[in-house]
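K.L.:
Sequence and predicted structure below; questions after.
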Amino acid sequence: MRHNKKFNHLGRTATHRNSMLANMSVSLILHKRIFTTLAKAKALRKVVEPIITKSKDDTTHSRRLVFQSLQDKAAVTELFQNISQKVGDRPGGYTRIIKTGNRLGDNAEMCFIELVDYNENMLKDKTAAKPAKARTRRSSAVKKKDVAAETATPASPEAAAE
């Protein structure tokens, strides 16, 4: 039985796992999106989300706590200056995992893990979808024009050449 064994060790020792997750956290903070396996992304999410929560309070103590886990000055600066300003009103859920399929070599599940507020494509889709809902009815005149346009065009390119 495997009661109370929720922790994924990722096939590594504790020191190797901690340093790997710290390096992945730095990469995620600096690049805003990284490509990794699903198991590592889920483990990374548990590490990086509390760090981002600590960055909301810009004090010397919170900077030291974050630096203790990241060990990278550039990442700490980026986190406290830029990322904490963008996620200041968000109560949690700073990362998003998007599955991309399986890896060719060993069939491992691959995914992107990204910071939610930095994906411009997702933000554009939300803003573009709202104006499209303004018009809900379609006039019968529009349908008649579409039917007339379809019957006026020739069916084959050979008929159009003649």
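P.N.:
In hand now; what should we look at?

K.L.:
what about the strands in the chain?
P.N.:
Using DSSP state E, the strands of the chain run over 33-37, 95-102, 109-115.

K.L.:
Figure out which of those strands is closest to N8.
P.N.:
Proximity to N8 (C-beta to C-beta) singles out strand 33-37 among the strands of the chain, at 10.9 Å. Yep, even glycine has a C-beta here, placed from its N, CA and C like the rest.

K.L.:
Mean neighbour count, the strands of the chain: which tops it?
P.N.:
strand 109-115 (a mean of 18; mean count of other C-beta atoms under 10 Å).

K.L.:
now what about it, what contacts it?
P.N.:
By C-beta atoms under 8 Å, 6 or more residues apart in numbering, the list of residues contacting strand 109-115 from outside reads 28, 32-39, 41, 44-45, 83, 87, 94-103.

K.L.:
please redo it, this time with the cut-off set to 7 Å
P.N.:
28, 32-38, 41, 44-45, 83, 94-103 (C-beta atoms under 7 Å, 6 or more residues apart in numbering).

K.L.:
Out of the strands of the chain, flag the one nearest T77.
P.N.:
Between T77 and the strands of the chain, the tightest spacing by C-beta to C-beta is seen for strand 109-115, at 15.9 Å.

K.L.:
That closest one pairs with which strands, parallel or anti?
P.N.:
Neighbouring strands of strand 109-115 in its sheet, by DSSP bridges, are strand 33-37 (antiparallel), strand 95-102 (antiparallel).

K.L.:
Just put the ones you listed in JSON lines and tack on mean pLDDT.
P.N.:
Shown next, in JSON lines, are the strands paired with strand 109-115 (pLDDT from 0 to 100):
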{"stretch": "strand 33-37", "mean pLDDT": "97"}
{"stretch": "strand 95-102", "mean pLDDT": "97"}
